[in-house]
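Chemist: sequence unavailable; structure follows:
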């Protein structure tokens with residue numbers, strides 16, 4: 001009997017196939033959106049600017065208007081993860097932990113309007129994906145595709161909505177980083193996908209949800225229009241090293257205008273043997289990141305010598321790391337030049353436990369600038385404690401990502417820690433309208449910084465500037481993975 005594994009093929013999705021229950025977590029599908037979230041998502045840009053400048057008088061109103069109206073070229077769909085933190089003096093702020101080029105979130109977002117059953121899936125496709133396909137070169141003929149390596153609940157939803165909005169079938173196909181015979185390939189810069197008959201069909205445009213090393217199989221130079229293109233990932237959407245530098249460069253431009261991307265103190269280009277020195281400088285508490293991982297993978301919180309020793313025993317594919325100040329409890333948080341920051345956390349529960357929570361703010365480029373799409377929050381597994389010791393597992397208290405890898409390599413999600421923006425969950429976060437506006441503005445600032453970096457990495461002929469990229473991120477392990485053509 002043959003044991004040959006069947007070839008992966010694309011599924012052809014026809015218009016009219018969307019069914020809401022397949023594309024939301026059950027608890028989100030049946031939830032009622034919190035009035036404050038609905039109010040925030042419907043606020044005009046002018047009202048947001050007026051309010052923000054009223055609360056931050058040092059901010060240049062014209063500069064903020066310019067940034068919120070920014071026309072992204074490469075990074076057109078983003079989702080930032082933010083922490084609600086405070087200083088010892090009580091100054092609260094939203095801090096950007098990272099910004100993602102293929103963000104999840106639709107399946108966790110209650111409907112803004114019960115009559116719009118496709119929710120913000122349709123918003124993204126109508127106001128960002130469809131306009132992104134305008135002025136496609138007539139030389140590229142072919143169909144539309146959604147390619148993914150994770151999150152089929154959302155990606156299949158996008159395929160069905162694209163079919164509806166564009167009025168044509170959509171090829172829906174997986175494309176994993178270790179596929180031996182993938183159903184996606186490139187020929188002369190044009191994407192082709194294998195259909196159920198085994199034929200490779202040309203694709204004129206694709207919606208991409210590739211989260212794992214997308215640069216090792218998606219070429220930087222593609223005639224097929226891809227949202228988001230690979231350059232957005234290398235410029236910071238999936239590359240924390242270059243993102244940190246993009247934020248730093250953009251902050252120099254922002255500083256005279258009273259604006260700033262808030263981030264933990266960040267040390268980049270750190271070799272493994274230097275890490276203990278930087279952890280010591282931060283008071284023995286730090287976060288170490290593999291710059292090219294995501295979904296909570298490759299992030300290590302260090303609050304003790306034992307956790308640092310465990311990290312140093314591990315082997316990695318890459319040579320360079322990021323070390324960031326750790327935001328913890330007031331009694332155990334990193335010492336930085338700008339002082340200590342610690343988590344505001346959730347409102348105490350009935351056992352008086354406070355949990356770390358982060359907020360995901362998803363935004364996209366529109367003809368009116370960058371607008372919010374949806375938002376949700378996640379909390380840690382264990383509550384914050386006032387005192388720690390050598391046996392403390394800090395990740396259980398500080399890690400908020402819901403994704404986890406099953407033994408078979410597939411991905412799962414711990415939805416018990418999902419905090420919805422509904423009438424029941426939202427109040428637990430202890431945030432208000434001004435915090436939501438701050439989270440949105442921080443997301444736009446970080447997205448803009450990455451898009452500007454992406455533009456800097458492409459020359460006038462549209463070619464990737466590898467020499468410049470190496471000067472920013474000279475990590476041989478990463479450079480070897482990049483598929484240029």
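Modeler: Here it is on my side, so go on. Given the structure is predicted, the values throughout are model-derived calculations rather than measurements.

Chemist: what about the strands in the stretch 201-350 of the chain?
Modeler: Shown for the stretch 201-350 of the chain, the strands assigned by DSSP state E, counting those that start in this stretch span residues 225-227, 266-271, 286-289, 299-302, 320-325, 341-343.

Chemist: helices or strands up against the first one?
Modeler: Contacts defined by 3 or more Cβ pairs under 8 Å, 6 or more residues apart in numbering; DSSP states H and E place strand 225-227 against strand 200-209. C-betas here are computed from N, CA, C, even on glycine.

Chemist: list the buried residues of the strand it packs on.
Modeler: Buried residues in strand 200-209, defined by neighbour count with 16 or more other Cβ atoms under 10 Å: 201-209.

Chemist: check contacts around residue 255.
Modeler: If a contact means Cβ atoms under 8 Å, 6 or more residues apart in numbering, then residue 255 has no contacts.

Chemist: can you pull the pLDDT of it?
Modeler: On pLDDT, residue 255 comes in at 97.

Chemist: and which of the buried residues of strand 200-209 is nearest residue 332?
Modeler: Nearest to residue 332 out of the buried residues of strand 200-209 is residue 209 (Cβ to Cβ; 37.1 Å).

Chemist: what's around the closest residue to that closest one other than its chain neighbours, how many residues?
Modeler: Distances taken as Cβ to Cβ, 6 or more residues apart in numbering place residue 148 nearest to residue 209, at 4.2 Å, with adjacent residues excluded. Around residue 148 there are 23 other residues, counting by other Cβ atoms under 10 Å.

Chemist: what's the answer for residue 42, then?
Modeler: Residue 42: 10 surrounding residues under other Cβ under 10 Å.

Chemist: next one: it from residue 436, what distance?
Modeler: According to Cβ to Cβ, to the nearest Å, residue 42 and residue 436 sit 12 Å apart.

Chemist: my read is that residue 373 contacts residue 124, right?
Modeler: Yes. Assessed by Cβ atoms under 8 Å, residue 373 is found in contact with residue 124 at 5.7 Å.

Chemist: can you pull the residues that touch both of the two?
Modeler: Here residue 373 and residue 124 have residue 364 as joint contacts, going by Cβ under 8 Å, 6+ apart.

Chemist: show me what contacts the spatially closest residue to residue 133 that is not a sequence neighbour?
Modeler: Leaving aside its sequence neighbours, residue 133 sits nearest to residue 205 (Cβ to Cβ, 6+ apart; 5.1 Å). Counting by Cβ under 8 Å, 6+ apart, residue 205 touches 132-133, 136, 144-145, 224-227.

Chemist: filter those residues to the buried ones?
Modeler: 132, 144-145, 224-227.

Chemist: what would the strands of the stretch 201-350 of the chain look like in TSV with distance to residue 118?
Modeler: Shown next, in TSV, are the strands of the stretch 201-350 of the chain (distance: least, Cβ to Cβ, whole Å):
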stretch	distance to residue 118
strand 225-227	18
strand 266-271	38
strand 286-289	35
strand 299-302	33
strand 320-325	38
strand 341-343	35
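
Chemist: any chance of those strands in a markdown table, plus mean pLDDT?
Modeler: A markdown table is the format used below for the strands of the stretch 201-350 of the chain (pLDDT from 0 to 100):
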| stretch | mean pLDDT |
| --- | --- |
| strand 225-227 | 96 |
| strand 266-271 | 95 |
| strand 286-289 | 96 |
| strand 299-302 | 94 |
| strand 320-325 | 95 |
| strand 341-343 | 92 |
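
Chemist: which of these sits closest to residue 86?
Modeler: strand 341-343 (6.5 Å).
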